[in-house]
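Enquirer: Show me the folded form of this:
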Amino acid sequence: MKNKKNILVTGGAGFIGSHVVRLLVKKYSSCQIYNLDSLTYAGNLENLSDIESKNNYKFLKLDITEAEAISEAFETYKFDTVVHLAAESHVDRSITDPLAFARTNIMGTLNLLQAAAKLWKADFKDKLFYHISTDEVYGTLGETGLFTETTAYDPNSPYSASKASSDHFVRAYGETYGLPFIISNCSNNYGPNQFPEKLIPLFINNIILEKPLPVYGDGNYTRDWLYVIDHAIAIDLILSEGKLKQTYNIGGFNEWKNIDLVKLLCKQMDFKLGKPTGTSEQLITYVKDRPGHDLRYAIDASKINSELDWSPSVTFEEGLSKTIDWYLNNEAWMEKVTSGDYLKYYKEQYQ
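Expert: The predicted model follows:
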């Protein structure tokens, strides 16, 4: 990667972060890739076991909410690029504990911005703070329309409010201090290594265990779905070729109502498990809707498509099939992460 030597990826042991770290480590052997992660419930170094011995990879167990430790890491390793993925990201958890989301997503981002601005203030040339955000900052859509890069922010949950705030702080550091930045806002990710609090891995696991599939409300909430490996490729493109002070929306061009997605998942699972079609659908259970539930998200990804020639590599049906295969072939991984505190949380949230 031109003129970049020390790249920091925050949240690199998490779902999206691990795919980004793997891509960067394998693609850029002349760059040192630092994976900074506090290893909370969703962080798992087993996600990166295949590249942990690479010479250009180093893991740093640090929490972005600890300002002094973050500042020291910047001074020690002289990061010239930050790919900021570390975040509390589950809406349901944000409703239960909004302060945790403020600490990590807002104050954690501020700590990184402060450390970067301090280290780079003498020379911003060839430096970059790349902040990865979510489409949820835009609020909700009706039955028509798409989120664009200029859509006004209108967050409706503590999670999306905390991410919106972090986006604003990144832009403010750019305008006030000259910090070179790029922001991207992505739609719902799915794929291998996702912690099973999110819909697709949760339901795959529940179907395997023949447990209920909890669908909120009437199931007609609509989301755009993005295969995580396609997201990692988009992040790499933006990192290499994106324009400073720009926002890029990354979407999968895959809008699905939750209930239709669940039925497709059930159909694919029945086929792969050798069960009669319709078996898994019987597990669908409608549960009380959550507060502040946005009706529909949909991303207009035409900017990244036209400027950087990016588009998804798989259809949703193809990506879902690949995802199911990964979980069926990695049941030991699933069993390990669905224990202890997760089981307590699951019981409180859905039962």
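
Enquirer: Go through stretch 115-126 and flag the buried ones.
Expert: 115-117, 119-120, 124 (16 or more other Cβ atoms under 10 Å). The C-beta positions use only the backbone N, C-alpha and C, and glycine is treated the same way.

Enquirer: Columns pLDDT on top of those, output as JSON lines?
Expert: Shown next, in JSON lines, are the buried residues of stretch 115-126 (pLDDT from 0 to 100):
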{"residue": "Ala115", "pLDDT": "98"}
{"residue": "Ala116", "pLDDT": "98"}
{"residue": "Ala117", "pLDDT": "97"}
{"residue": "Leu119", "pLDDT": "97"}
{"residue": "Trp120", "pLDDT": "97"}
{"residue": "Phe124", "pLDDT": "95"}
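
Enquirer: Throw those into CSV and include secondary structure, thanks.
Expert: As requested, the buried residues of stretch 115-126 are exported to CSV (DSSP: H, G, I helix; E, B strand; the rest coil):
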residue, secondary structure
Ala115, helix
Ala116, helix
Ala117, helix
Leu119, helix
Trp120, helix
Phe124, coil
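
Enquirer: Just the strands from this structure, written as ranges.
Expert: For the chain, applying DSSP state E gives strands covering 6-10, 32-37, 57-61, 81-84, 128-134, 181-186, 188-190, 213-216, 222-227, 247-250, 255-257, 284-287.

Enquirer: Distance from the chain centre to the last one, please.
Expert: Centroid separation for strand 284-287 versus its chain: 26 Å, with Cα atoms, centre = their mean, to the nearest Å.

Enquirer: Check which helices and strands that strand sits against.
Expert: Judged by 3 or more Cβ pairs under 8 Å, 6 or more residues apart in numbering; DSSP states H and E, strand 284-287 is in contact with strand 213-216, helix 258-273.

Enquirer: what sits against Val170?
Expert: For Val170, the contact set (Cβ atoms under 8 Å, 6 or more residues apart in numbering) comprises 109, 113, 129, 131, 179, 181, 183.

Enquirer: Could you report the pLDDT at it?
Expert: We have a pLDDT of 98 for Val170.

Enquirer: Not counting sequence-adjacent ones, nearest residue to it?
Expert: Closest residue in space to Val170, ignoring its immediate chain neighbours: His131 at 4.5 Å, by Cβ to Cβ, 6 or more residues apart in numbering.

Enquirer: Now do the same for that neighbour: its pLDDT.
Expert: For His131, pLDDT reads 98.

Enquirer: what's across from it in the sheet?
Expert: His84, Ile183 (DSSP bridges).

Enquirer: Tell me who's in contact with it.
Expert: The contact partners of His131, by Cβ under 8 Å, 6+ apart, come to 84, 109, 166-167, 170, 181-184.

Enquirer: what's the answer for Tyr177, then?
Expert: Tyr177 makes contact with 117, 121 under the criterion Cβ under 8 Å, 6+ apart.

Enquirer: separation between it and Thr65?
Expert: According to Cβ to Cβ, to the nearest Å, Tyr177 and Thr65 sit 21 Å apart.

Enquirer: likewise His168?
Expert: 19 Å.

Enquirer: Neighbour count: the two, which is higher?
Expert: Legend: neighbour count by other Cβ atoms under 10 Å for His168 and Thr65, higher for Thr65 (19 against 14).

Enquirer: you'd agree that one is up against Asn111?
Expert: Yes - with contacts defined as Cβ atoms under 8 Å, Thr65 counts as touching Asn111 at a distance of 6.8 Å.

Enquirer: What ranges does the stretch 251-351 of the chain have for its helices?
Expert: Residue ranges of the helices in the stretch 251-351 of the chain, as given by DSSP state H, counting those that start in this stretch, are 258-273, 302-308, 316-329, 331-337, 341-350.

Enquirer: possible to save the ones you listed as CSV with mean pLDDT?
Expert: Below are these laid out as CSV (pLDDT from 0 to 100):
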stretch, mean pLDDT
helix 258-273, 97
helix 302-308, 97
helix 316-329, 97
helix 331-337, 85
helix 341-350, 54
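
Enquirer: For Gly43, find the nearest of the ones you listed.
Expert: helix 331-337 (10.2 Å; Cβ to Cβ).

Enquirer: helices or strands next to the closest one in the packing?
Expert: Judged by 3+ Cβ pairs under 8 Å, 6+ apart, the packing partners of helix 331-337 are helix 199-209.

Enquirer: buried residues in the helix it packs on?
Expert: 199-207.

Enquirer: burial of Leu264, as a residue count?
Expert: For Leu264, using other Cβ under 10 Å, the count is 15.

Enquirer: same check, this time on Lys127
Expert: Lys127 has 20 neighbours, counted by other Cβ under 10 Å.

Enquirer: Any regions of the protein where pLDDT drops low?
Expert: 1-2, 340-351 (pLDDT under 70).

Enquirer: Look through it and report the residue furthest from the middle.
Expert: Taking Cα atoms, centre = their mean, the residue of the chain most remote from its mean C-alpha position is Pro276, at 34.1 Å.

Enquirer: phi, psi of it?
Expert: phi -60, psi 140 (degrees, to the nearest 10).
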